[in-house]
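>>> can you look at this prediction? I've put the sequence above it.
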Amino acid sequence: MALLVAGDFSGFSATYAVPADYTGLIYNGSVDLILSTNITQSVFDSLSTAVKCIHYMDANDLYSLSPNEDITILNLRSKMLILENTYINQKMMNTYVFTYHGASVKAIHRSTSTMVSLEEALTAMGFRCVGTPWETGDINAKLELNRADKERPRIAVVDYLYRNPSTPTSLTDASPIIISGV
């Protein structure tokens, strides 16, 4: 069962974070995160619910949302990060503020205002980043499915293009995602 369902965000738009001029199909499955206990937790029952959550968080000026004690959702306006509350991820969230800046997901250090990539933020917290670069292709496959279990940072990146076969979600986009109608 999903932690958050469509009814939790009634009155909020499922087309809020659609990239301008995008007319493709939306992913129909649930939005999941593989936890360190090897359980795949369904966070949202559908991608449209996740998009409604982005709208809900934006409308209420929320940066983070915790659907349970194991997971934190961070609002980046047109994207969101879903993180398991592991030691490294909690340390990273206490050290950095995340934003979608320009055309990529960035972490801004809370004390020094230095802007770094998600990979660099994880590395600074002691996470060993291995594998292919995270800025290309489907970021979620690089964070979860194509890695050994001990090499997963327990993070999912979600936007309107989540699991889209032709234009998958990425940390760095070719051009900034502009929310249409805002």
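Good, I have the coordinates.
>>> what about the strands in the chain?
31-34, 40-44, 64-68, 71-75, 80-84, 96-101, 104-109, 115-117, 155-158 (DSSP state E).
>>> and residue 55, which of those strands is closest to it?
With CB to CB, the closest approach to residue 55 among these belongs to strand 71-75: 9.9 Å. For glycine as for every other residue, the C-beta is placed from the backbone atoms N, C-alpha and C.
>>> roughly how far is the closest one from the heart of the chain?
How far strand 71-75 lies from its chain's middle: 8 Å, per CA atoms, centre = their mean, to the nearest Å.
>>> tell me the angle of the lengthiest helix in the chain relative to strand 64-68?
Across the chain, the longest stretch assigned as helix under DSSP state H is helix 47-59. On the basis of axes from the mean of the first three to the mean of the last three CA atoms, to 10 degrees, helix 47-59 is oriented at 130 degrees to strand 64-68.
>>> re earlier: for the strands of the chain, give me JSON lines that also has distance to residue 11, mean pLDDT and mean neighbour count.
Shown next, in JSON lines, are the strands of the chain (distance: least, CB to CB, whole Å; pLDDT from 0 to 100; neighbours: other CB atoms under 10 Å):
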{"stretch": "strand 31-34", "distance to residue 11": "20", "mean pLDDT": "94", "mean neighbour count": "22"}
{"stretch": "strand 40-44", "distance to residue 11": "17", "mean pLDDT": "96", "mean neighbour count": "20"}
{"stretch": "strand 64-68", "distance to residue 11": "16", "mean pLDDT": "97", "mean neighbour count": "14"}
{"stretch": "strand 71-75", "distance to residue 11": "17", "mean pLDDT": "97", "mean neighbour count": "21"}
{"stretch": "strand 80-84", "distance to residue 11": "19", "mean pLDDT": "96", "mean neighbour count": "24"}
{"stretch": "strand 96-101", "distance to residue 11": "24", "mean pLDDT": "94", "mean neighbour count": "18"}
{"stretch": "strand 104-109", "distance to residue 11": "28", "mean pLDDT": "94", "mean neighbour count": "20"}
{"stretch": "strand 115-117", "distance to residue 11": "35", "mean pLDDT": "93", "mean neighbour count": "16"}
{"stretch": "strand 155-158", "distance to residue 11": "20", "mean pLDDT": "93", "mean neighbour count": "24"}
